[in-house]
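[1] heads up, no residue letters with this:
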């Protein structure tokens with residue numbers, strides 16, 4: 001059984017939500033949900049996001065993220081091995097922090113430029129231009 005499908009099934013049952021309800025909300029047939037929970041179908045990112053909304057939980061709950069580490073999330077039935085991530089969530093957090101820092105730096109630069117523009121406007125207002 002696919003660990004993601006298994007986790008979706010576990011959360012769905014814990015919340016008392018039926019496969020029919022999930023299928024209806026996803027615009028799928030109940031059989032599709034059965035296949036997903038049984039590991040016969042791999043969910044797309046979009047399906048995982050929608051499923052999290054339906055089950056009122058986080059996508060992390062399906063991916064079994066603990067302490068910032070991504071555990072086994074998918075077993076390929078064709079190849080027969082597990083894809084395993086390490087610090088995936090941590091890496092994304094670092095990238096977002098770097099992006100935020102760059103945005104803050106640009107914000108400071110923009111404020112300085114606006115300040116300079118205001119000073120130049122004041123200087124220009126001292127001059128009168130004639131046609």
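    Looks like it arrived, so ask away. Here the structure is a predicted model, which is why all the values come from computation and not from measurement. Numbering: from 1, shown residues only.

[2] please enumerate the strands of this structure.
    Ranges of strands in the chain, per DSSP state E, are 65-66, 69-70, 74-75, 82-83.

[3] and residue 6, what does it touch?
    Contact partners of residue 6, counting by C-beta atoms under 8 Å, 6 or more residues apart in numbering, are 37, 39. Bear in mind the C-beta positions are built from the backbone N, C-alpha and C, glycine included.

[4] pLDDT at it, what is it?
    At residue 6, the model reports a pLDDT of 90.

[5] need the nearest residue in space to residue 7, chain neighbours excluded.
    Leaving aside its sequence neighbours, residue 7 sits nearest to residue 62 (C-beta to C-beta, 6 or more residues apart in numbering; 5.1 Å).

[6] wait, the one you found touches residue 9, no?
    No: counting by C-beta atoms under 8 Å, residue 62 stays clear of residue 9, with 10.4 Å between them.

[7] got the contact list for residue 11?
    Applying C-beta under 8 Å, 6+ apart, the residues near residue 11 are 55, 57, 61, 62.

[8] filter these down to the buried ones, ChimeraX style.
    Buried residues among these (16 or more other C-beta atoms under 10 Å), as a ChimeraX selection:
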select :55,57,62
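
[9] so residue 55 sits right up against residue 8, yeah?
    Yes: counting by C-beta under 8 Å, residue 8 is a contact partner of residue 55 at 7.4 Å.

[10] would you confirm that residue 35 contacts residue 41?
    Yes: using C-beta under 8 Å, residue 35 is in contact with residue 41, at 4.5 Å.

[11] for the chain, give the helix that spans the most residues.
    Secondary structure of the chain per DSSP state H: the longest helix is helix 88-125.

[12] below-threshold pLDDT in the chain: ranges please.
    1-2, 64-92, 129-131 (pLDDT under 70).
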